[in-house]
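Novice: Any chance you can model this:
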Amino acid sequence: MIQLAKDGLLVMNSNGNIDTSSLGYQYTIQTTTQIRDRVIDQVFYEVPFARLIPLDVGLGAWMEDIKTNTVFNLAGDFFDGVSSLNSSNAQMPVVEVGTAPITAKIASWSMAYNYTIAEVNKALASNNWDIIESKMKALKKRWDLGLQQVAFMGDPRNTADFPGLFTNQVSTIDTATIPVLISSMNPSQFATFVASLLESYFSNSNQTRLPDTFLMGFKDWLGLVTPVSATYPNVSMINYLLDAFRAATGNPNFVIAPVAYLDATNQFNVSQLGGVQRYALYRNDPEVVKMDLPVDFLLNPAGTQNNWQWQAVAFGQYTGAVPYRVAELEYFDLP
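Specialist: I've put the predicted structure just below:
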């Protein structure tokens, strides 16, 4: 249970966090204790991943997987079509194409919350807490945070079938272009990095297209507010990068953004990256990488067999962030 001290402060751990081992309904109050008519919810790190990863909702509901055909030109050259008017009986040159399917595996998910009549009435006694609402919100939050982890890091139990934006096993990993944190580079290192990053991507994509999104960890992002050099104290590193990449790609909407999962040492960088500081450069395009939600979060009404214990089940389906044009998603790891 949570106990209230005489001064009204919650009993907490030595680090100032609430002691979760003592959570419950009962706490001590005095005749002069006011119970506030609102509660404070727990907060989590959340990022709107659908802005960074194309998301398709509703396709392939209740299927086991989604196959997408990729089409390739196999033969034929433009100059083969140059012909002489005197060779009318010659065989006409042709083009050839072929297809190869890429499979996105679909995972089916379900989770429930339970409550009893006793729990509801105990919560009502506090006059400011709806335990059913709290459990419903907790269940939806579990879905949201789970999808977020899959979107960026994949399923830790099966990254091969359910990769994340940062953890697919087929993208190129460059360990030379970014030798240290960008925010810690000296002016010479920074200039070399700016000149090399897009060139590395363009070469990796077979000189076809340029990227439009560059993602990095928060540790580096927050350090980019510093000036490029003492010579230009009014120009921050982040503004210089944005201006340079937008100019070089011809895209005024080029995005540089932080994602905590990319930091080498934090609670999000789980075993898939093994503590590696990673950067991701790619095109935010459904033909490059895409995640599917065949069935978005649905919550059934609570049911009971005995009118005392109740249970409500939520369910949904999802895929990983599957790469389709692998050459247009490149990773940069610190060596």
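
Novice: beta partners for Y113?
Specialist: Going by DSSP bridges, Y113 is paired in beta bridges with A312.

Novice: do V255 as well
Specialist: Applying DSSP bridges, one finds that V255 bridges with T213.

Novice: Tell me which helix or strand F245 sits in.
Specialist: helix 237-249 (DSSP states H and E).

Novice: List the buried residues for that helix?
Specialist: M237, I238, Y240, L241, L242, F245, R246, A248, T249 (16 or more other CB atoms under 10 Å). Glycine gets a C-beta too; all of them are placed from N, C-alpha and C.

Novice: Which neighbouring elements make contact with it?
Specialist: Contacts defined by 3 or more CB pairs under 8 Å, 6 or more residues apart in numbering; DSSP states H and E place helix 237-249 against helix 187-204, strand 227-229, strand 255-258.

Novice: Now do the lowest-mean-pLDDT helix or strand in the chain: distance to the chain's middle.
Specialist: Ranked by mean pLDDT, DSSP states H and E, the weakest helix or strand in the chain is helix 117-125, scoring a mean of 85. Centroid separation for helix 117-125 versus its chain: 38 Å, with CA atoms, centre = their mean, to the nearest Å.

Novice: Would you mind putting the helices and strands packed on helix 237-249 into a markdown table with mean pLDDT alongside?
Specialist: Putting those into a markdown table (pLDDT from 0 to 100) gives the following:
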| stretch | mean pLDDT |
| --- | --- |
| helix 187-204 | 97 |
| strand 227-229 | 92 |
| strand 255-258 | 97 |
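
Novice: Now the helix holding F245 - C-alpha only, CSV.
Specialist: Taking Å, rounded to 0.1, in the frame of the first residue of the first chain, the C-alpha atoms of helix 237-249 are listed here in CSV:
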residue,chain,number,x,y,z
MET,A,237,25.7,22.6,-36.2
ILE,A,238,22.1,21.5,-36.7
ASN,A,239,21.2,24.5,-38.7
TYR,A,240,24.3,24.1,-40.9
LEU,A,241,23.4,20.4,-41.5
LEU,A,242,19.8,21.2,-42.4
ASP,A,243,20.8,24.0,-44.8
ALA,A,244,23.6,21.8,-46.4
PHE,A,245,21.4,18.7,-46.9
ARG,A,246,18.4,20.6,-48.1
ALA,A,247,20.6,22.4,-50.6
ALA,A,248,22.4,19.3,-51.8
THR,A,249,19.2,17.2,-52.2
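
Novice: before we move on, the earlier item: with distance to I53 and pLDDT added, can I get the buried residues of helix 237-249 in JSON lines?
Specialist: Listed next are those as JSON lines, based on distance: CB to CB, whole Å; pLDDT from 0 to 100:
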{"residue": "M237", "distance to I53": "26", "pLDDT": "97"}
{"residue": "I238", "distance to I53": "22", "pLDDT": "97"}
{"residue": "Y240", "distance to I53": "27", "pLDDT": "97"}
{"residue": "L241", "distance to I53": "22", "pLDDT": "97"}
{"residue": "L242", "distance to I53": "21", "pLDDT": "97"}
{"residue": "F245", "distance to I53": "20", "pLDDT": "98"}
{"residue": "R246", "distance to I53": "21", "pLDDT": "98"}
{"residue": "A248", "distance to I53": "24", "pLDDT": "97"}
{"residue": "T249", "distance to I53": "20", "pLDDT": "97"}
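
Novice: circling back to that earlier point, return the angle between stretch directions for the helix holding F245 and helix 187-204.
Specialist: Per axes from the mean of the first three to the mean of the last three CA atoms, to 10 degrees, the angle that helix 237-249 makes with helix 187-204 is 40 degrees.

Novice: Touching helix 237-249 from outside, list them.
Specialist: Here helix 237-249 makes contact (CB atoms under 8 Å, 6 or more residues apart in numbering) with 182-183, 190, 194, 198, 210-212, 214, 221, 223-228, 252-254, 256.

Novice: So for Q169, which of the helices and strands packed on helix 237-249 sits nearest?
Specialist: Closest to Q169 of the helices and strands packed on helix 237-249 is helix 187-204 (CB to CB; 16.0 Å).

Novice: Can you spell out which helices and strands pack onto the closest one?
Specialist: Using 3+ CB pairs under 8 Å, 6+ apart: helix 187-204 touches strand 227-229, helix 237-249, strand 329-333.

Novice: want to throw the ones you listed into a markdown table with distance to Q30?
Specialist: As requested, those are exported to a markdown table (distance: least, CB to CB, whole Å):
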| stretch | distance to Q30 |
| --- | --- |
| strand 227-229 | 56 |
| helix 237-249 | 52 |
| strand 329-333 | 58 |
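
Novice: Show me the shaky parts of the stretch 101-250 of the chain.
Specialist: 126 (pLDDT under 70).
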